[in-house]
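S.K.: Give the three-dimensional model of this entry:
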Amino acid sequence: MSLTRRGPVWRSIARQALVRAVLLTAAVLLLTTGTASAQPAGLLAKVVVIGVPGLTWNDVQASPELTALVNQSHVGSISVKTAGPHTCPVDGWLTISAGTRAWGSVPDQPCAAPAVSNGKVADWQAYVDRQAEHHTGAPIGRLGQTGYPICGFGPGAAIALARTDGTVRNWQPEFDPSQLAKPDCGDAIVDAGALPPREGRAEARQKVANLVAQARAAGGWVLLVGVSQELANAHQQPLVAMQLPPDNGPRWLTSDSTRRPGLIQLTDVTATILKGRDAAEVDPAGSAKAGPLDGNEIHATGDLHTDAAAVIEDRLDTNERFEQPRPMLFAVALTIVAAEVLALVWFLFRRSPASRRTFVFTLLVQGGFFVAVFLSTLTVWWRWPSPGFSLYCVVLGLSALSAALAQVVLKRYAFLGLALAAYVILLVDGVLGTPLQVGSMFADGPVIGGRFYGFGNSTFATLAVGALVTAGWTAQKLISKSRVQAAVAVLVIGGAAIVVDGRPGWGTDFGGIIALTPAVLLMAWLTWRGSISLRALIGVGVAGLLAVSAVAFLDYLRPPDQRSHFGAFVARLLDGDVSDVLIRKLQMAVQFFTGPSGWAMLVAVIACMLATVLPQRVPSESYRAFYNSFPMVRPTLLALSTCGLVGMLLNDAGVALPAIMAGFAVPLLVAHLMASHQPATVSPESHLVQES
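M.R.: Numbers count the residues shown, from 1 in each chain. This is a model prediction of the structure:
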């Protein structure tokens, strides 16, 4: 064969080889890429969710089989908080069914899973009625109502896959791995059964490990998650989450709903199963579209981990980080209040300089507490011996240190140092993505099921006081030169707090900017004009409303999986699905009045607000003199009251929000008044001379 004849032949062979190589490469990519977000591509994907009520990281540590899975998995913790006060297995499975937090169990009654009879979940209508009764808005039956091939095994899976009328299809009471290979079992949900509290728990862990091995043999990937607490009165903690196999090396599980490496929430499971599908659509036999999902697709992030013992230790430390802050918050608060009471009694009996200084210092310690709450996370206290006691000591120590430094440096203006410190720390924390919030006493973490990222109500209250006091002092220094400059300073300082508090990805606090924006605008107006008319007051309110609405609408324009609370609220509003949300928030606000403490807070808050409006009625000569001494005292106090009042009326924290603000601001004010050895002068100019 001549060379001239062989050329075309070789070119043909080369072309065929190239085509085959391209096809082979494409096939390999399809088989191996899966998702950086934790889901393999297209029809090659098989999601097998194995739910284990009560599976903790202590169980993983105690089981060699489960420990061996750690380095073969993306790992994390999962928050199983649902709509009710407890998360029994039925609550967890109903939440997976709805894709939003659902309410299944009855308080003060043992956890009990319903039976499946004649292809229907028993008492299903009772669960439907419970969602309406508690205004959860959870469309239970959503997952089962989709027309996608999902098969289920076990009682919990029947609840998760039940249709809106409670009927179940493609379900078996026991796990059968041979069914996973069938076409009508594209994805699967397996109820591995609740882990018994004590006896038989080791055998139950072994069963879980065996289920994982059997499911892995079917291909695709397995998502092993705790779905609930095993008992109604169990102490909640983040449970176990693993994804096998890891698609890009073992890393930390996360989702856009938590934005925290190593943490997902239960509603993310539903969003992950329905990834790439319109979860709101139902088949022709179904009902109307449901609302948006509360969760987001699970994916992996961060560095590789290859040391199972270190990973388990990290998870156990993280549980301490989530569980200890709230109990220690009350312990620290009681300690500080007890110290204040003792110091006050000593002062009232002795009236000596030493007793006065002691009482002032205890008040400043309370102000320093609002700084120490956040700085405490820098000490990594959860890795110390006795984490709870360590946190208690760290926060008390930092509170006293902050008070002492402010007192030494600024003398009787120590209040300003503490307010400024809180303001600056929270601005920096917000811009950095709120790293100081996780593990702080003011974070409503996954155990409580509150905010996973951004600023919570307590943090906002601290920021608001810090911002308004700092703005008031700065304006006081400028007002004698120019009221315009002073007003601009208020807008800049307050505006920075509004931006950081409200910007999605930073503070992401919708309710906060609703309360802080009108307060800053009112303060700026009073600084500029000295008084305010009814028309101007209405204008300030409208301007604040427009600013908040603009932020929310801009967030709504982003893709659904990138929206924060702002955009999600607008979406619900446009879909007509906002009534349940508002009712739930109202219920949260009024729950403080179920006992005497809530009414006491309300009385105290109203008294503080009246003191800013009617200073002449306050039975304190030093306060009345102080109120009339400086031009910026009145605007600052009125702005604080406005922020607290709006927050109380429009925020789910209710009276707690202004109460926290008062807990920060009032001790600082009283400390300043008592630290002044002589009454404040009536002339602002003379005081400015004294300050300089």
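
S.K.: Mind checking what secondary structure the spatially most central residue of the chain has?
M.R.: For the chain, the residue sitting closest to the mean C-alpha position, by Cα atoms, centre = their mean, is Arg451 at 1.2 Å. When classified by DSSP: H, G, I helix; E, B strand; the rest coil, Arg451 comes out as coil.

S.K.: residues in contact with it?
M.R.: 443-444 (Cβ atoms under 8 Å, 6 or more residues apart in numbering). Heads up, the C-betas are built off the backbone N, CA and C, glycines and all.

S.K.: so where is the chain shaky, pLDDT-wise?
M.R.: For the chain, applying pLDDT under 70 flags the ranges 1-45, 232-235, 276-291, 449, 561-562, 564-567, 575-582, 584, 587-589, 677-692.

S.K.: Could I get the full set of strands for it?
M.R.: With DSSP state E, the ranges of strands along the chain come out as 47-51, 74-79, 116-117, 120-121, 150-153, 171-172, 187-191, 221-225, 239-244, 252-254, 263-265, 299-301.

S.K.: Columns mean neighbour count on top of those strands, output as JSON lines?
M.R.: Below are the strands of the chain laid out as JSON lines (neighbours: other Cβ atoms under 10 Å):
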{"stretch": "strand 47-51", "mean neighbour count": "25"}
{"stretch": "strand 74-79", "mean neighbour count": "28"}
{"stretch": "strand 116-117", "mean neighbour count": "14"}
{"stretch": "strand 120-121", "mean neighbour count": "24"}
{"stretch": "strand 150-153", "mean neighbour count": "26"}
{"stretch": "strand 171-172", "mean neighbour count": "18"}
{"stretch": "strand 187-191", "mean neighbour count": "26"}
{"stretch": "strand 221-225", "mean neighbour count": "25"}
{"stretch": "strand 239-244", "mean neighbour count": "25"}
{"stretch": "strand 252-254", "mean neighbour count": "26"}
{"stretch": "strand 263-265", "mean neighbour count": "28"}
{"stretch": "strand 299-301", "mean neighbour count": "22"}
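
S.K.: can you list the ones you listed in JSON lines and add distance to Ser629?
M.R.: Shown next, in JSON lines, are the strands of the chain (distance: least, Cβ to Cβ, whole Å):
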{"stretch": "strand 47-51", "distance to Ser629": "64"}
{"stretch": "strand 74-79", "distance to Ser629": "50"}
{"stretch": "strand 116-117", "distance to Ser629": "74"}
{"stretch": "strand 120-121", "distance to Ser629": "70"}
{"stretch": "strand 150-153", "distance to Ser629": "70"}
{"stretch": "strand 171-172", "distance to Ser629": "75"}
{"stretch": "strand 187-191", "distance to Ser629": "68"}
{"stretch": "strand 221-225", "distance to Ser629": "61"}
{"stretch": "strand 239-244", "distance to Ser629": "57"}
{"stretch": "strand 252-254", "distance to Ser629": "53"}
{"stretch": "strand 263-265", "distance to Ser629": "50"}
{"stretch": "strand 299-301", "distance to Ser629": "54"}
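
S.K.: Of all these, which one comes closest to Leu657?
M.R.: Leu657 lies closest to strand 74-79 among the strands of the chain, at 23.5 Å (Cβ to Cβ).

S.K.: And for the closest one, what's in contact with it?
M.R.: With Cβ under 8 Å, 6+ apart as the test, strand 74-79 has contacts from 38, 57, 225-226, 238-243, 246-247, 250-254, 258, 261-266, 268, 300, 305, 311, 315, 318-319, 446-447, 449, 452.

S.K.: repeat for stretch 631-638
M.R.: Outside of stretch 631-638, the residues within contact range by Cβ under 8 Å, 6+ apart are 468-469, 471-473, 475-476, 479, 486, 490, 522-523, 526-527, 530, 611-613, 626-627, 684.
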